[in-house]
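Colleague: here's my sequence, what's the structure:
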Amino acid sequence: MPIENIPSTDPQLIVPNLHWRYSGVTATNRMVAPKLAHILSAAWLGPDAPDDIARMGAADLFRLWRRRTPLIWHARRNNEMIIGVVLRAFGWPLKLVFTSAAQRHHTWITRWLIRRMDAIIATSDVSASYLKRAATVIPHGVDTDRYAPPADRAAAFAEAGLPGRYAIGCFGRVRAQKGTDLFVEAMCRLLPRYPDFTAVIVGAVAPEQRAFANGLKQRIEAAGLAARIVITGELPIEQVRRWYQRLMIYAFTSRNEGFGLTLIEAMSVGAALVASRAGAADLVVEDGVTGVLTPPGDTDALVAAIEPLMRDVTAASAMGARGRERVVARFSLDAEASRIAEVYRTLVAIADGSRSTRPTAGPLR
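Modeller: As a prediction, the model looks like this:
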């Protein structure tokens with residue numbers, strides 16, 4: 001359906017994803033956008049479009065110039081805010097929304113852009129504290145149906161053909177900021193004592209991080225653990241979800257983070273969680289109940305937190321089940337989408353009700 005043929009009384013949303021490298025921001029955007037498309041008419045602009053949302057190109061965007069009815073432009077990066085500000089200045093009827101996950105002081109250009117947004121969303125109270133203006137706090141959510149515990153975790157692990165009986169994982173880009181080196185060092189200490197476990201690192205290695213990744217491989221080989229610390233590289237999202245389901249334990253080792261989506265993804269599949277106090281860990285995790293929190297960058301604390309779970313997989317399974325319950329109750333994707341839609345309603349008149357009967361997949365041409 002061409003976007004200009006959507007009834008003018010309907011709300012509309014443009015989801016820009018103007019970043020050519022797949023990132024955590026893209027991942028969170030891809031998950032929530034289809035949910036929003038079932039609440040209001042929405043279109044995705046840019047690469048990595050998910051299913052179940054209409055796609056739009058530059059020509060579709062230009063046809064909206066001087067349209068009378070307002071459009072929500074929901075940015076998540078500086079360049080997306082810049083383009084939204086410019087388009088509005090030249091006559092596009094945009095209401096500008098920005099989501100911030102950053103837990104740091106913003107640059108002058110980001111602060112300037114934030115002041116020009118009509119509404120701001122922060123993914124945590126900590127992120128909100130850096131914005132210097134009012135924001136609505138809406139934590140990220142996860143699709144608890146797609147990120148669900150496996151019917152048989154042992155069978156899911158066996159399917160991978162790895163040694164041992166259990167997996168412990170650390171997912172995300174392979175780099176120091178994500179603490180991949182901390183995980184490798186912890187595994188080099190622990191795996192010799194727990195032969196039933198294999199460690200899995202799932203994530204891309206950017207060209208500028210190859211030296212860092214090669215150093216990790218050398219450390220693994222020196223420890224004689226090349227068969228038991230597996231680095232998969234970047235994988236399609238369907239395979240990533242399957243790797244989550246193979247885990248008994250998940251280690252979130254970031255030194256600093258905006259939110260840390262892998263926290264709730266791992267909890268959603270029922271993996272026991274050990275997490276550094278980075279990103280939204282303090283918000284998401286009930287320490288000692290639905291996970292164990294550790295100081296960022298502290299390998300000794302990481303080892304001390306992981307080892308009891310490796311020693312007692314029954315306790316690890318119980319913690320994973322409690323984590324799953326917490327995510328379903330507090331951090332579902334439906335809850336996130338519903339709260340974002342409420343922010344949109346403060347800017348334009350949006351009718352309640354599902355739009356699931358409207359065709360959404362395919363380009364808007």
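Colleague: C-alpha only now, for contacts and for neighbours.
Modeller: OK.
Colleague: quick one, strands of the stretch 151-300 of the chain?
Modeller: 166-171, 197-202, 229-233, 247-252, 272-276, 292-294 (DSSP state E, counting those that start in this stretch).
Colleague: quick one: average pLDDT of the first one?
Modeller: Per-residue pLDDT over strand 166-171 has a mean of 98.
Colleague: I would like the residues contacting it, please.
Modeller: 154, 157, 180, 183, 196-203, 244, 246-253, 262 (CA atoms under 8 Å, 6 or more residues apart in numbering).
Colleague: first vs last residue of stretch 292-302, how far apart are they?
Modeller: Using CA to CA, to the nearest Å, the end-to-end distance of stretch 292-302 comes to 9 Å.
Colleague: ok so, going back, could the strands of the stretch 151-300 of the chain go into TSV alongside distance to residue 135 and mean neighbour count?
Modeller: Below are the strands of the stretch 151-300 of the chain laid out as TSV (distance: least, CA to CA, whole Å; neighbours: other CA atoms under 10 Å):
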stretch	distance to residue 135	mean neighbour count
strand 166-171	30	25
strand 197-202	34	24
strand 229-233	37	18
strand 247-252	27	28
strand 272-276	26	28
strand 292-294	27	22
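Colleague: identify whichever of those lies nearest to residue 330.
Modeller: The stretch from the strands of the stretch 151-300 of the chain with the least distance to residue 330 (CA to CA) is strand 272-276; that distance is 16.4 Å.
Colleague: what's the closest one packed up against?
Modeller: strand 247-252, helix 261-268, strand 292-294, helix 299-311, helix 313-330 (3 or more CA pairs under 8 Å, 6 or more residues apart in numbering; DSSP states H and E).
Colleague: could you pull out the strands for the stretch 1-150 of the chain?
Modeller: 12-16, 41-45, 54-56, 71-75, 94-100, 119-122, 136-137.
Colleague: any chance of these in CSV, plus mean neighbour count and mean pLDDT?
Modeller: Converted to CSV, the strands of the stretch 1-150 of the chain look like this (neighbours: other CA atoms under 10 Å; pLDDT from 0 to 100):
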stretch, mean neighbour count, mean pLDDT
strand 12-16, 23, 93
strand 41-45, 25, 94
strand 54-56, 24, 92
strand 71-75, 24, 96
strand 94-100, 23, 96
strand 119-122, 23, 97
strand 136-137, 18, 96
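Colleague: mind putting those strands in JSON lines, distance to residue 81 included?
Modeller: Shown next, in JSON lines, are the strands of the stretch 1-150 of the chain (distance: least, CA to CA, whole Å):
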{"stretch": "strand 12-16", "distance to residue 81": "10"}
{"stretch": "strand 41-45", "distance to residue 81": "14"}
{"stretch": "strand 54-56", "distance to residue 81": "18"}
{"stretch": "strand 71-75", "distance to residue 81": "6"}
{"stretch": "strand 94-100", "distance to residue 81": "7"}
{"stretch": "strand 119-122", "distance to residue 81": "11"}
{"stretch": "strand 136-137", "distance to residue 81": "18"}
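Colleague: could I get the contacting residues of the residue nearest the centre of the chain?
Modeller: For the chain, residue 261 is the residue whose C-alpha lies nearest the centre (CA atoms, centre = their mean; 3.5 Å). Going by CA under 8 Å, 6+ apart, residue 261 touches 24, 28, 140.
Colleague: circling back to that earlier point, now the helices and strands packed on strand 272-276 as TSV including mean pLDDT and distance to residue 59?
Modeller: TSV is the format used below for those (pLDDT from 0 to 100; distance: least, CA to CA, whole Å):
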stretch	mean pLDDT	distance to residue 59
strand 247-252	98	42
helix 261-268	96	33
strand 292-294	98	49
helix 299-311	98	51
helix 313-330	97	40
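Colleague: looking at these, which is closest to residue 149?
Modeller: helix 261-268 (7.1 Å).
Colleague: and the angle for that closest one with strand 247-252?
Modeller: Between helix 261-268 and strand 247-252, the angle comes out at 160 degrees (axes from the mean of the first three to the mean of the last three CA atoms, to 10 degrees).
Colleague: how close does the closest residue in space to residue 227 that isn't next to it in sequence get to residue 347?
Modeller: Once flanking residues are discounted, residue 227 sits nearest to residue 163: 7.7 Å by CA to CA, 6 or more residues apart in numbering. Distance of residue 163 to residue 347, given as CA to CA: 55 Å.
Colleague: cool, residue 142 as well?
Modeller: Remark: distance between residue 142 and residue 347 (CA to CA) = 25 Å.
Colleague: ok, residue 164 - contacts?
Modeller: Counted by CA under 8 Å, 6+ apart, residue 164 has contacts 195-198.
Colleague: just the closest of those to residue 114, please.
Modeller: residue 198 (44.8 Å).
Colleague: could you list the domains of the chain?
Modeller: 3-141+332-345, 153-330 (automatic domain parsing).
Colleague: out of those, deepest packed?
Modeller: Sort the domains of the chain by mean neighbour count, taking mean count of other CA atoms under 10 Å, and domain 153-330 sits at the top with a mean of 20.
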